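Undergrad: dropping a prediction and its sequence here:
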Amino acid sequence: IKILEDYDPSLPPVFANRDQLIQVFLNLVKNAAEAIGSDPQGEIVLSTAFRPGIRVSVPGTQDRVSLPLEFCVRDNGSGVSEDILPILFDPFITTKPNGSGLGLALVAKIVGEHGGIIECESTPRGTTFRILMPAWKEAPYGADEDGEGDRK
C-alpha cells in the first residue's frame, strides 16, 4: 500500500488531546488498509487543508460554528456499502468477520468531543473520511502547555 501525504503548511493549531487524535487517525488508516487488502495498486492519501469559510449549522439552534480545519483520509479500496453509510458511526456496526464495530464509533465520539464533525463519502472504488475541526483560539481554563488539559 502506498501512502501519500498532502499537508497544508498554513494549517493553524488545533486545541485537542494529541493521543486521542492519534487514535482517530490510526483507526481511519487501519480501516483504509483493510479496505484495500492486498491490491498492489492500493493507495491511502492523508491530507489537511485550511478552509476558513466553512461554517456548519448546529442542530436545534440558529447557531453556526466555524470548522476551518479539514483532515481527510482517502483510499481506493472496496468502498462502504450504501446500506451501511447512514449507520457507519454507530456502535457495533461492522462488516468485518472479527470486527467489534467500535473503531468508527470511537472516532466519531472523539471528533465530536473536540467540537468537530466527521463525514464519509464512498464509492465502490474508494472512500474518503473528512474531519472538520475548529481552529485553536485560546486554551480553555485548566489546559496545560501541551494541549492535553481538561476540556470542560
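TA: Yep, it's here. Numbering: from 1, shown residues only.
Undergrad: can you tell me the centre-most residue of this structure?
TA: The centroid of the chain falls nearest to Ile131 when counting by C-alpha atoms, centre = their mean (4.0 Å).
Undergrad: that one reaches Ile118, doesn't it?
TA: Yes: under the criterion of C-beta atoms under 8 Å, Ile131 makes contact with Ile118 at 5.0 Å. Quick note: C-beta positions are derived from backbone N, CA and C, even for glycine.
Undergrad: intersection of neighbour lists for the two?
TA: Taking C-beta atoms under 8 Å, 6 or more residues apart in numbering as the criterion, Ile131 and Ile118 both touch Val111.
Undergrad: three-state assignment of Phe25?
TA: Three-state assignment for Phe25 (DSSP: H, G, I helix; E, B strand; the rest coil): helix.
Undergrad: identify the residue nearest Ala33 in space, chain neighbours excluded?
TA: Counting by C-beta to C-beta, 6 or more residues apart in numbering, the nearest residue to Ala33 once its immediate chain neighbours are dropped is Ile1, at 5.7 Å.
Undergrad: what number of residues lie near the one you found?
TA: 17 (other C-beta atoms under 10 Å).
Undergrad: how close does it sit to Glu121?
TA: Per C-beta to C-beta, to the nearest Å, Ile1 is found 20 Å from Glu121.
Undergrad: Arg130 too?
TA: From Arg130 across to Glu121, the span is 7 Å (C-beta to C-beta).
Undergrad: quick check, Leu121 in a helix?
TA: Just so we're on the same page, residue 121 is Glu rather than Leu. No: counting by three-state DSSP, Glu121 falls outside a helix, being strand.
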